[in-house]
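based on what follows, work out the 3D shape:
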Amino acid sequence: MKKVVDDERLMVKICEMYYNQDINQKLVARELGLSRPTVSRILQNARERGIVKIIIDPIFGNNYVDLEKKLESRYGLKEVFIVDTKQDSRDQKDELAKATANYLERLIKDDSIIGVSMGSSIGQIYRFVSKGTSKRVTFIPLIGGIGHLGMELHSNTIVEALAKAFGGDSFLLHAPARVSGIKIKEELMKEADIRRIIKMGDGLDVAVVGIGVPNRGSAIMSTGYYDEKDMETMRKKNVVGDVCMQFFDINGSTEAFEGDNCVIGVDIKKLRRVPHSIGVASGSEKARAIQGAITGGFINVLVTDVECGKKMLELDQASEMVTKNEMINPESERNVKK
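Have a look, this model is predicted:
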């Protein structure tokens with residue numbers, strides 16, 4: 001005898017009532033003389049058989065859900081947000097900023113402390129904040145920022161703009177982003193106002209950071225803290241990227257670059273403890289830098305464009321292939337090293 005849950009005529013009728021007539025399961029069950037769990041099982045069965053197909057129409061006009069899920073899975077990220085790739089750099093920065101603003105509006109709660117780094121994309125986020133309903137929200141810079149070049153890129157400027165947009169408070173770090181030597185850095189870090197900001201960095205709920213690469217268009221060059229000679233030195237040391245002007249290699253290690261770290265700001269290793277550390281970067285040239293930042297634990301959420309997202313998957317697959325080949329042919333690997 002055919003089971004009720006397998007009766008296709010009944011299945012279609014229940015789907016019509018539930019999906020098209022918007023009758024809830026309890027009323028459907030009552031009208032047809034069935035139990036609510038039976039109605040629920042029939043609806044599930046209808047989806048499994050393809051009688052019902054649910055199509056999600058993306059709100060933002062793109063459909064990168066699969067790419068986002070793959071990146072989250074491959075890299076162990078809490079969330080990934082993919083935006084369209086734009087030819088114009090200003091349009092690209094706006095896309096990143098808009099997606100980050102939407103996420104922050106959802107993420108920020110009462111009494112949150114948000115740390116912010118520097119960069120051109122992060123500097124546009126405030127423009128897309130439509131509401132700031134959380135109370136007692138505090139924004140702090142993760143790195144100093146005084147000077148005469150690229151002030152709109154500095155952390156202090158961005159923090160003030162975000163605090164105003166969200167209706168929160170801001171604290172500023174009145175110090176250069178980088179000084180000329182370790183001893184000068186150590187002395188400055190003893191200052192009470194600077195120590196207070198650094199201490200606040202221990203209790204961040206959210207961090208928003210840009211991810212740089214050692215090239216001519218980087219924010220750290222635009223602000224005048226590094227020149228092409230510095231970048232060439234970093235490239236020779238196998239730097240793949242920086243967060244808050246602190247450099248790391250493809251494995252996320254900062255060790256080889258500690259001697260060059262004359263930055264006044266929060267140590268990026270503290271970002272490993274932040275519940276939501278959001279990396280904002282785009283372009284396929286940033287893919288390896290983002291990989292390094294993830295491996296180092298400096299970010300656990302990513303906002304990027306589709307081109308960079310696809311490049312990250314390609315790099316991950318290539319790395320997987322190399323690992324498999326090494327496992328299959330360990331002798332050949334030893335020969336290469338010789």
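
in the sheet, who's paired with the residue minimising distance to the centre of the chain?
Centroid-nearest residue in the chain: L302, 2.0 Å away (criterion: CA atoms, centre = their mean). Beta-bridge pairing of L302, defined through DSSP bridges, involves V80, G279.

where's it relative to L204, distance?
Relative to L204, L302 is positioned 18 Å away (CB to CB, to the nearest Å). All C-beta atoms are positioned from the backbone trio N, CA, C, and that covers glycine.

ditto for I42
49 Å.

who has more neighbours, these two?
Taking other CB atoms under 10 Å, I42 and L204 do not tie; I42 has more neighbours (27 against 23).

how about the helices in the stretch 51-200 of the chain?
65-75, 89-107, 155-166, 182-188, 192-200 (DSSP state H, counting those that start in this stretch).

point out where the stretch 201-338 of the chain drops to low pLDDT.
216-219, 222-224, 319-338 (pLDDT under 70).

show me the strands in it, by range?
Remark: strands assigned in the stretch 201-338 of the chain by DSSP state E, counting those that start in this stretch are 206-210, 241-243, 246-248, 276-280, 301-305.

can you map out the helices along the stretch 201-338 of the chain?
219-222, 228-236, 287-295, 306-328, 330-337.

surely D6 is in contact with N45?
Yes - counting by CB atoms under 8 Å, D6 does reach N45; the two are 7.2 Å apart.

neighbour-wise, which of these two wins?
N45 (18 against 11).

which helix or which strand is home to the more buried one?
helix 36-49 (DSSP states H and E).

any idea of the mean pLDDT for that helix?
Mean per-residue pLDDT for helix 36-49: 92.

what's in contact with that helix?
4-6, 8, 10-12, 14-15, 18, 25-26, 28-29, 32, 52-54 (CB atoms under 8 Å, 6 or more residues apart in numbering).

hmm, back to that, so what's the residue nearest to the centre of the chain up against?
L71, Y75, L77, E79, V80, F81, I278, G279, A281, I290, I294.

and the fourth one, how many neighbours?
Close neighbours of E79, defined as other CB under 10 Å, add up to 15.

I figured it hits V303, correct?
No - look at E79 against V303 with CB under 8 Å: they stay out of range, at 9.0 Å.

joint contacts of the two?
With contacts taken as CB under 8 Å, 6+ apart, E79 and V303 have Y103 as neighbours in common.

what's the burial count for the residue nearest to E72 when sequence neighbours are not counted?
Sequence neighbours aside, V80 is the residue nearest to E72 in space, at 5.1 Å (criterion: CB to CB, 6 or more residues apart in numbering). By other CB under 10 Å, the residues close to V80 number 23.

list the contacts of V80.
V80 touches L67, E68, K69, L71, E72, V301, L302, V303, T304, G309, counting by CB under 8 Å, 6+ apart.

can you tell me which residues contact the first one?
Put plainly, it is L67. Neighbours of L67 in contact, by CB under 8 Å, 6+ apart: V80, I82, V306, G309, K310, L313.

so among those residues, which ones count as buried?
Buried residues within the contacts of L67, counting neighbours by 16 or more other CB atoms under 10 Å: V80, I82, V306, G309, K310.

now render the residues you listed as CSV, adding distance to E95.
Shown next, in CSV, are the buried ones among the contacts of L67 (distance: CB to CB, whole Å):
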residue, distance to E95
V80, 14
I82, 10
V306, 10
G309, 13
K310, 16
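
so which of those is the closest to K270?
Nearest to K270 among the buried ones among the contacts of L67: V80, at 22.7 Å, using CB to CB.
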